[in-house]
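# test case, fold it:
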Amino acid sequence: MTRKLMGFGLIGTIIHLISPLILIWSVNTLFNPGILYSFKTWLAGLLIIYVVRFNIRPERPYDPFMFEDEDEEDEEDDEEEEIQEPETRAEASKQRMEVLERLLEERKSRKGKNK
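You can find the predicted model right below:
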């Protein structure tokens, strides 16, 4: 187990050390600026990689349980009001009109209560 972890650590370290050289090569290939391979350019490449990586990373890592509570609330809403899928366009437009009328009635009743 520890040998596998050491192997991944060694491979990761090698990739981190080579990645600035790959960056310099790719910039030289794409734009032809004539950047020389030196310790200074390698360090600058490493700095660019880490700055980009820092700015692209998410603020919070993805948590599979992040939206668990929202799913439960959605299921409760689904149980309260059951909507059937329309079979034709006419039925779909009729359902939309019913929803709009219901929303307008709710808005009017709220305005009446606020006055």
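
# the top helix by length along the chain - contacts with which helices or strands?
What stands out as the longest helix in the chain, according to DSSP state H, is helix 2-31. Counting by 3 or more CB pairs under 8 Å, 6 or more residues apart in numbering; DSSP states H and E, the packing neighbours recorded for helix 2-31 are helix 39-56. Any C-beta I mention is one placed from the backbone N, CA and C, and that applies to glycine too.

# which secondary structure element of the chain has the lowest mean pLDDT?
Comparing every helix and strand of the chain by mean pLDDT, DSSP states H and E singles out helix 68-80 as the least confident one, with a mean of 53.

# after that helix, next one along is what?
Going down the chain from helix 68-80, the next helix or strand is helix 89-114, by DSSP states H and E.

# for P33, give me phi and psi.
For P33, the backbone dihedrals are phi -80, psi -10 (criterion: degrees, to the nearest 10).

# buried residues in the longest helix of the chain?
Neighbour counts over helix 2-31 (16 or more other CB atoms under 10 Å) mark 20, 23-24 as buried.

# where does this structure have low pLDDT?
Counting by pLDDT under 70, the chain shows low-confidence ranges at 1-7, 58-84, 86, 114-115.

# and with 80 instead?
Along the chain, segments meeting pLDDT under 80 span 1-8, 57-87, 111-115.

# if we can go back for a sec, so the longest helix of the chain versus helix 39-56, what angle?
Relative orientation of helix 2-31 with respect to helix 39-56: 100 degrees, computed using axes from the mean of the first three to the mean of the last three CA atoms, to 10 degrees.
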